[in-house]
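S.K.: Below are the sequence and a predicted model; questions follow.
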Amino acid sequence: MIKDSASSAVARDLSTEELPPSQLMDGVKRLFRVRGFVVGFTILALMIFGAIFAPFLTPHDPYEITRGSQLLPPGGEHPLGTDQLGRDQLARILYGSRISLVVGLVAVAISGAAGTVLGLIAGYAGGWVDEVLGRLIDVMLAFPGILLTLLFVVILGPGLVNVMIAVG
């Protein structure tokens, strides 16, 4: 076997060269140049921050009903005012965002896992299995999403877990 000295020299040169900048970092930098992404990312980051630090951001209990402080305007002790039962609106928004974020994350995880599994089955099996799964997905997409979600909630029953499954 004859070794090519030129190719081994090129291999040595490539192994000692510095690696190019990370493609991931390039992608992140490009994303942060898009105004819509920055706005959405900022809103999501604020929601997550508010959900995590809700007990520290507001001294009020979101479920505490206070007589005499119904429908107060924003300002002072209640930055966003109170509702018809005297509950602090800011506290209710911050604590409610916890539930909203969990429901959203679980629903995305369920739909992502189910879609990946069905896509793998359809791609691997092919043929009639692919056709049947494709037609089932077409039927599901023909109905408005909210109707299917309501149908699943009716079938599964009330409850937060069932809502997460239905949305997913």
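M.R.: Good, I have the coordinates. Numbers count the residues shown, from 1 in each chain.
S.K.: helix/strand/coil for Pro158?
M.R.: The three-state assignment at Pro158 reads coil, by DSSP: H, G, I helix; E, B strand; the rest coil.
S.K.: and if you look at Leu80?
M.R.: Counting by three-state DSSP, the backbone at Leu80 sits in coil.
S.K.: From here on, call the first residue 867.
M.R.: OK, 867 is where the count begins now, so the last one is Leu946.
S.K.: what's next to stretch 935-953, contact-wise?
M.R.: Defining contact as Cβ atoms under 8 Å, 6 or more residues apart in numbering, one finds that stretch 935-953 is touched by 926, 928-934, 954-956, 958-959. Yep, even glycine has a C-beta here, placed from its N, CA and C like the rest.
S.K.: Would you quantify the distance from the residue nearest to the spatial centre of the chain to Val995?
M.R.: The chain has Leu971 as the residue nearest its centroid, 4.6 Å off, counting by Cα atoms, centre = their mean. Leu971 sits 30 Å away from Val995, taking Cβ to Cβ, to the nearest Å as the criterion.
S.K.: helix or strand for the residue nearest to the centre of the chain, which one?
M.R.: According to DSSP states H and E, Leu971 maps onto helix 955-991.
S.K.: Could you export the helix or strand just after that helix as CSV, CA atoms only?
M.R.: Counting by DSSP H and E, the next helix or strand C-terminal to helix 955-991 is helix 993-1008. Coordinates of the C-alpha atoms in helix 993-1008 are reproduced here as CSV (Å, rounded to 0.1, in the frame of the first residue of the first chain):
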residue,chain,number,x,y,z
GLY,A,993,-47.1,1.6,2.4
TRP,A,994,-50.7,1.3,3.8
VAL,A,995,-49.6,2.1,7.4
ASP,A,996,-48.3,5.5,6.1
GLU,A,997,-51.5,6.1,4.1
VAL,A,998,-53.8,5.2,7.1
LEU,A,999,-51.9,7.4,9.5
GLY,A,1000,-51.9,10.2,7.0
ARG,A,1001,-55.6,10.0,6.4
LEU,A,1002,-56.2,10.0,10.2
ILE,A,1003,-54.2,13.1,10.6
ASP,A,1004,-56.0,14.7,7.7
VAL,A,1005,-59.4,14.0,9.4
MET,A,1006,-58.1,15.5,12.7
LEU,A,1007,-56.9,18.6,10.9
ALA,A,1008,-60.2,19.0,9.1
